[in-house]
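**Q** Next input, structure requested:
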Amino acid sequence: MMKHVVRAVCGLILSVSLFAACGLEASAQEQKQNGGNKQAAQSQLPPAEATVTLNEQFLNSLLDAVFTNLRAPTFPLSLAKTDTESAPATTVTTPASNALAPSKPINQCLSQIILEREMSGVRTAVRFENGRITAPLAFTGTYNTGLLGCLRFQGWADTVINLAFNRERQTLNAQVDVVDIHLNGIPQLANGIVVQMVQNAIDQRINPIEILKADQLTTRLPIDAAGGALRLRAKDLRPEVVPGAIRLHIIYEFVRAE
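**A** Next up is the predicted model:
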């Protein structure tokens, strides 16, 4: 619009011979001015932010669905943090029904921990309080000690969950930090060993938890009247814990969709 106005003014004041020169000069000045204005406007624009709120009920309903519709999450136990293999399982062989049928090994004591919905009156759940996320984790487990046989235990872990946005990978991750572990059903002598294995299992098999990727928050907005479409691309994400809920503040940028 500015380009046409400048040219019209030039045409009224100057002769036809000077019109083109005036228009060229105006066009150059306008391009320079518009370029500066665009940069200034972009630098002055506030970030485009959207907020998603998830409350405790939503996340605990999700846990209910996991335990109801899927099998309980299971992780192998290992004593050493660098050991990625679980302890060997004790096996027995069942008699074959006939001479040609091969014998089948049956696992009697897998070294593993199983997350439970509830154990010893403690329910696996997510809580938002005092600006942090806490989550008691109920579990049962077995451990093949070799000489002492199979240890069966149960209990719960008091944990704190920390959220962080990984800008390089563009993912929102959770880190589960164990505060305390409560065990039932094992001798006092083995308590320390089992506590260490449970801690290792959480550190190795659970952490870090990838909650979501930024591209999962990206969407395309068709604008037919403008002859194209824009893409809302998530470029940053900031979690905020408030009483009873968590807010995800998503920073978007608008780019032309291909």
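**Q** Setting the sequence-adjacent residues aside, check what's closest to the most centrally placed residue in the chain.
**A** When the chain is reduced to its mean C-alpha position, the nearest residue by Cα atoms, centre = their mean turns out to be I211, at 1.5 Å. Counting by Cβ to Cβ, 6 or more residues apart in numbering, L172 is the residue found nearest to I211 once chain neighbours are left out, at 4.4 Å. Glycine gets a C-beta too; all of them are placed from N, C-alpha and C.
**Q** what does whichever strand or helix holds the one you found contact?
**A** Using DSSP states H and E, L172 falls within strand 171-184. With Cβ atoms under 8 Å, 6 or more residues apart in numbering as the contact definition, strand 171-184 has outside contacts at 120, 122, 135, 153-166, 191, 194-195, 198-199, 202, 206-214, 237, 239, 248.
**Q** So for that strand, what gets flagged as buried?
**A** Applying a neighbour-count criterion of 16 or more other Cβ atoms under 10 Å, the buried positions in strand 171-184 are 171-174, 176, 178, 181, 183.
**Q** re the thing from before, partner strands of the host helix or strand of the residue nearest to the centre of the chain, with direction?
**A** Secondary-structure element containing I211, defined by DSSP H and E: strand 209-213. Listed by DSSP bridges, the sheet partners of strand 209-213 and their directions read strand 171-184 (antiparallel).
**Q** Sketch out the low-pLDDT regions of the stretch 51-200 of the chain for me.
**A** Within the stretch 51-200 of the chain, the ranges that satisfy pLDDT under 70 run 79-107.
**Q** how about the strands in it?
**A** If you assign secondary structure with DSSP state E, counting those that start in this stretch, the strands in the stretch 51-200 of the chain sit at 74-76, 91-93, 105-107, 112-116, 118-119, 122-123, 127-129, 132-144, 150-166, 171-184.
**Q** what would those look like in TSV with distance to G228?
**A** Compiled in TSV, the strands of the stretch 51-200 of the chain are given as follows (distance: least, Cβ to Cβ, whole Å):
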stretch	distance to G228
strand 74-76	48
strand 91-93	64
strand 105-107	59
strand 112-116	48
strand 118-119	53
strand 122-123	51
strand 127-129	41
strand 132-144	41
strand 150-166	30
strand 171-184	29
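**Q** which one of these lies closest to E56?
**A** Across these, the minimum distance to E56, taken as Cβ to Cβ, is reached by strand 127-129, at 5.9 Å.
**Q** I'd like the distance from that closest one to the chain centre, please.
**A** 18 Å (Cα atoms, centre = their mean, to the nearest Å).
**Q** and it, what other elements does it pack with?
**A** Using 3 or more Cβ pairs under 8 Å, 6 or more residues apart in numbering; DSSP states H and E, the elements in contact with strand 127-129 are strand 132-144.
**Q** Now the strand it packs on: buried residues?
**A** When burial is assessed from 16+ other Cβ under 10 Å, strand 132-144 yields the following buried residues: 133, 135-144.
**Q** Over to stretch 118-134?
**A** The neighbour-count check on stretch 118-134 (16+ other Cβ under 10 Å) flags 119, 122, 124-126, 128, 133 as buried.
**Q** Could you tell me the phi and psi values at I206?
**A** phi -110, psi -50 (degrees, to the nearest 10).
**Q** wait, it sits on I113?
**A** No. Applying Cβ atoms under 8 Å, one finds I206 not in contact with I113, separated by 10.0 Å.
**Q** Now the common contact residues for those two.
**A** With contacts defined as Cβ under 8 Å, 6+ apart, the residues adjacent to both I206 and I113 are F75.
**Q** follow-up on the earlier one: among the contacts of strand 171-184, which ones are buried?
**A** For the contacts of strand 171-184, a neighbour count by 16+ other Cβ under 10 Å gives the buried set as 122, 135, 153-157, 159, 161, 163, 165, 194-195, 198, 202, 206, 211, 214, 237, 239, 248.
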